[in-house]
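Asks: what follows is a protein structure lacking sequence information:
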């Protein structure tokens, strides 16, 4: 209830500040009997880790995960799984001079007005480092979902004005911008490099697709699966919009264009000829792929000189130091996938109690 | 947890099917001592009621609310407030012939695959009629918020390709399309009429603004106020996208354009020169207006002949009868306001426990 | 969270004041497809209804339940089930003279200090009338449990110093005191009559047994099934103690006396030779009967003159009028059964998500 | 929801197995600005630590707590506080020979039937070691409560047939049995020593008193403060009964004996001449001391030969090795205090939202 727990039966509680001793997560409600290892989790953490390429932050965190509970002889016990990652590459000193300054676009001011205290080092709890816990927890969710044939894939759809036109899943991890369109990937990288040289940053759009989702997941009316996805994705730092299927485009269209036509396929399954609904009708999955998109703002920390104030309201000219991605999108991909998987696993388990 | 309850300390549980005996809501957690009357609630219900103009559905429901508990001598007791509205104008017969047909764009199929049973009359629980409970509950929330000077105003921003350019709050309730731009309102109405004549429907965008919100509301990381708003709004039927502040536009912009510059005003308050953030930073309000937008799909029920299947997978040619709005947006306005107010009141109360 | 909801996946929200328009409950999370009728619920309400015999209160409430939602063609839809009972025999006038008086043993003072307002008529929300909602909801739970062969039976174990020695389930509903021991029942009734003549009231103990509970229900560590039972039962007005199995007697015993010995029976099932544990080990059911007991205080409202104060602290000599049972125990039986069934159904459903 | 989280706004999630790498807790919802140090927490952990005297288990755990998040420069941030204690003195080998045996009185069988897997070393999650997290979290709760003048004191009231007659708070920590009656303490210790020599164990009763609790805490109807206390205390391993105030004794008494008489004291405060209600009326505190008692069973692990079965149902003669207290009561005292404090802090914070 105070905000750091997500999910209803597969419950994830993250903790940790960017420059505190560690970050981590407790997963309560993972079914017993799941095979899981530190390697399974490490793989996902490695995907979200900074310092992976020239276009991401140069903070070097090994992000080595430790399973502290809930797993015995390689299998989950049904008890809480506690996962921890020590913070290693912590350079707090660079934050000393902004201790009393509110960085533009950051949560410095709002945390202070809310709590009257904040850990100013690296954004504290508002840091993207908090997502280590999310990604670690979702690595477990992913294994549960995999047993039901559900697979979630995210990628960068747009950077600035450049929009991917092709979606080739195999391409995604081959380029540092995680774009499924090889040619657009190249353009995106160039744009990011250019923006960086200008001392600025750039926004974009990440799309996430879930394949193999059975129909019937979702709990109307307030836990519609799209409502839960919206919350899950909007809770990621820097996300300013979420859309499902056709998304904002529906505002310009007619009903006859938007309604997906149903038919029965050769296997006797009810399917839809189009997927404008993004796999969800009335808050419940319809058996088609779930398709969601999120708008991600340009990194707030930019090397350019910016005007702001300090905690006494005095005007300050700020040059943000530290190590920051000029574009958040590539690293947002595994985080967005993680949040989608956390929603799906929760609904997959909840679906077991909806009928006699 | 099973989906029909919203909020953490101001908790709202809606119930009811479109063509069942009644719809209603229980509000648990409203602070004691609030002056409230059936009239306060009726006013809001009247705003969402169908049959108000030529461009909305002709179903005539008096939607007379009854307070069944939690209020004594005109004040809330701190105990659950139960509100009920009887369903009166129920013509179930028109639904008999689609008892076994899955209407395109509706939740017929997904409800059936999830529950293996559904109330096919008027969409059952998936009907917009469910929002009676939301609006009634939010009328109470609105009174609580009013005591803190918080006011929420919604309006239609866009219908099809027509976008409001001016925002004149006084104009909103003067036209049936609830558009704050008098001239665009006229165009929108014409478009809706034309679409109706074509036997089709049209989508749009609703914008909601909350004024007077104090800084410091929001519970990172999963109950960021924007995450809760996203869930709240996406849970409304027909909503396919939610955006905050600059929204999806951030995907095209640079950090130096998106960051809002802070300054101290004459009263010694910290304020922002622009409001690209839509009043929220790091999931916590910053004292500026909250600004959210939702994309609403065109009504799924259209008079045009549509292809679909029945529950046995047999192809069916469907002409949806019944009484349906050609555009959901005008009636979505009070519902969207309601959901925003439910989020705000919950966070306003929760903010009382965030500090010693 | 604000206190009027019980359960995790089978969630029950009760509402209503004793002398308000109605009392009721919303059940969210009942699985779809359950056959249920108003008669199923009415039977249970009739068992808790006052005015059934000379030893219970003479308030005459028909307590006619109305199903307002969630049931269609005799089956649950998986959507919220709203149940309402109108308050009919409301004589509020008799409470006018105690409007500002704090009745001894009642919640008058504590409600007022907490909420600064209270419905003084008949105890308002603190009335036993609130349990109408619990019993109605539990009638549904009982049907779900019945499908799994689980049956819960309560009875009066003790009134004053008189303790039932035999437990004959068939006897329970044959005597107005709901005692399973025919001879002790007679003594108990005599005691209650005598106490009533003295203008006093008397306490007792109710025991509840659940039969056919499968092993494996319960969610350690905070939702151990005995922890949930303790909360459920202690939440009933007038209950001052809860014990499981051997209960407080364990405080006087040695481990070699308390541990139940396991064995394998003829059917190859693991069973226990004794049931000191009351069917629960480590918070999880072990396949033996669940056995719980609750201590119920004597009715607080007694005709005898009592000393108390009014809301200004002035001393008052009080003679409580109105219609009150001299012993709460007989009517507490169906309420205690209800709470046990609400716990069991919640854990039965939750057990579906504990393993892969 | 899956059982390892306690509280509504002050939320505590414990994790860890007895012989896993560590045990710990995440506290979400502690108000920002509280001064807290590892020493504050260590003091409480030291009180629950085993190996403190001849009458408790000889397992030697330093139980050194580490604060991993949520505290900055000695104050809480309002973000989750993660606390961890490494398991050091882990001798798993002694459990190898009971890997497939169900120990009498333990949760071995029930965990296995529920999860189909269990960590058999030292009871795994069902170990008393799990309470490290509870006590650590409650050390923080205690500091919050202290700021409001609330203090909770527990002690051993009864061991076997020996019952403390005097309550001298200063005496409690002076004797290893934590009895507030010096003379009875001596008798209790002798009894425990005798029971140990006989290869057996003994049960008892622990009483907990909370002083300085303001009137008005508690959320009817399901989160009555006594209902929450009952759940909290029953969730402690080995507890078989919970009673408030006069407890089970009410079953033998008349209303005129049980009702507490109110009066106004010299300071103009409403008070009660007796405290049979244990400080709670209608689920809300009345300003008197909260008084609760719990029945604790004799330690299940006893050196005596016991009959049981293994997981294949084969009969086994068992002599439990390992290091076990012959009486759980002395070490249960700080754990019971912890649970009471967790309930109190949650209700203290919730009371901030009950009125306008």
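Replies: Right, received. Where do you want to start? Since the structure is predicted, the reported quantities are computational estimates derived from the model, not experimental observations. Residues are numbered from 1 along each chain as shown, chains lettered A, B, ... in the order given.

Asks: next, count neighbours for residue A:316.
Replies: As a burial measure, residue A:316 scores 16 neighbours (other Cβ atoms under 10 Å in any protein chain shown). Glycine gets a C-beta too; all of them are placed from N, C-alpha and C.

Asks: and the one helix or strand it maps to, how far from the chain's centre?
Replies: Using DSSP states H and E, residue A:316 maps to strand A:315-318. Taking the mean of its C-alpha atoms, strand A:315-318 sits 32 Å from the chain's own mean (Cα atoms, centre = their mean, to the nearest Å).

Asks: closest point of the stretch 51-200 of chain A to chain B, which residue?
Replies: In the stretch 51-200 of chain A, the residue that lies nearest chain B is residue A:107 (2.3 Å; Cβ to the nearest Cβ).

Asks: could you measure from residue A:225 over to chain C?
Replies: Note on residue A:225: its distance to chain C, by Cβ to the nearest Cβ, to the nearest Å, is 15 Å.

Asks: hang on, the earlier thing: tell me the pLDDT of the residue of the stretch 51-200 of chain A closest to chain B.
Replies: Residue A:107 carries a pLDDT score of 97 in this model.

Asks: excluding its backbone neighbours, what's nearest it?
Replies: Excluding the flanking residues, the one nearest residue A:107 by Cβ to Cβ, 6 or more residues apart in numbering or on different chains is residue B:282, at 2.3 Å.

Asks: not counting stretch A:318-326 itself, show me its contacts.
Replies: For stretch A:318-326, the surrounding residues in contact (Cβ atoms under 8 Å, 6 or more residues apart in numbering or on different chains) are A:50, A:55-59, A:91, A:94-95, A:98, A:101, A:103-104, A:122, A:192, A:195-196, A:200-202, A:298-299, A:301-308, A:331.

Asks: which members of those residues additionally contact chain B?
Replies: A:104, A:195, A:200-202, A:298-299, A:301-302, A:304, A:306-308 (Cβ under 8 Å from any Cβ of the partner chain).

Asks: which of those residues are buried?
Replies: Buried subset of those (neighbour count, 16 or more other Cβ atoms under 10 Å in any protein chain shown): A:104, A:195, A:200, A:201, A:202, A:298, A:299, A:301, A:302, A:306, A:308.

Asks: give me the pLDDT value at the residue lying closest to the first one once chain neighbours are set aside.
Replies: In this case it means residue A:104. Among residues not flanking residue A:104 along the chain, residue B:259 sits closest, at 3.9 Å (Cβ to Cβ, 6+ apart). Residue-level confidence at residue B:259 comes out at 97, pLDDT.

Asks: that older thread, check which element follows the strand holding residue A:316 along the chain.
Replies: That would be, after strand A:315-318 and using DSSP H and E, helix A:329-350.

Asks: tell me if that following helix is near chain C.
Replies: Yes. Shown here: helix A:329-350 in contact with chain C (Cβ under 8 Å from any Cβ) through A:349, A:350.

Asks: against which helices or strands is that helix packed?
Replies: Judged by 3 or more Cβ pairs under 8 Å, 6 or more residues apart in numbering or on different chains; DSSP states H and E, the packing partners of helix A:329-350 are helix A:38-48, helix A:131-147, strand A:151-159, strand A:204-211, helix A:225-234, strand A:290-296.

Asks: contacts for the strand or helix carrying residue A:192, please.
Replies: Residue A:192 is part of helix A:182-197, with elements assigned from DSSP H and E. Outside helix A:182-197, the residues that touch it by Cβ under 8 Å, 6+ apart are A:54-55, A:156, A:159-160, A:162-166, A:168, A:171, A:174-177, A:179, A:201-202, A:204, A:326-327, B:254.

Asks: of those, grab the buried ones for ChimeraX.
Replies: The ChimeraX selection below is limited to those of the contacts of helix A:182-197 classed as buried (16+ other Cβ under 10 Å):
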select /A:55,156,159,160,162,163,164,171,175,176,177,179,201,202,204,326,327 /B:254
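
Asks: so which of the contacts of helix A:182-197 are in strands?
Replies: Counting by DSSP state E, these place A:156, A:159, A:162, A:163, A:204 in strands.

Asks: out of these, which are close to chain B?
Replies: Contacts with chain B within the ones in strands among the contacts of helix A:182-197, as defined by Cβ under 8 Å from any Cβ: A:159, A:204.
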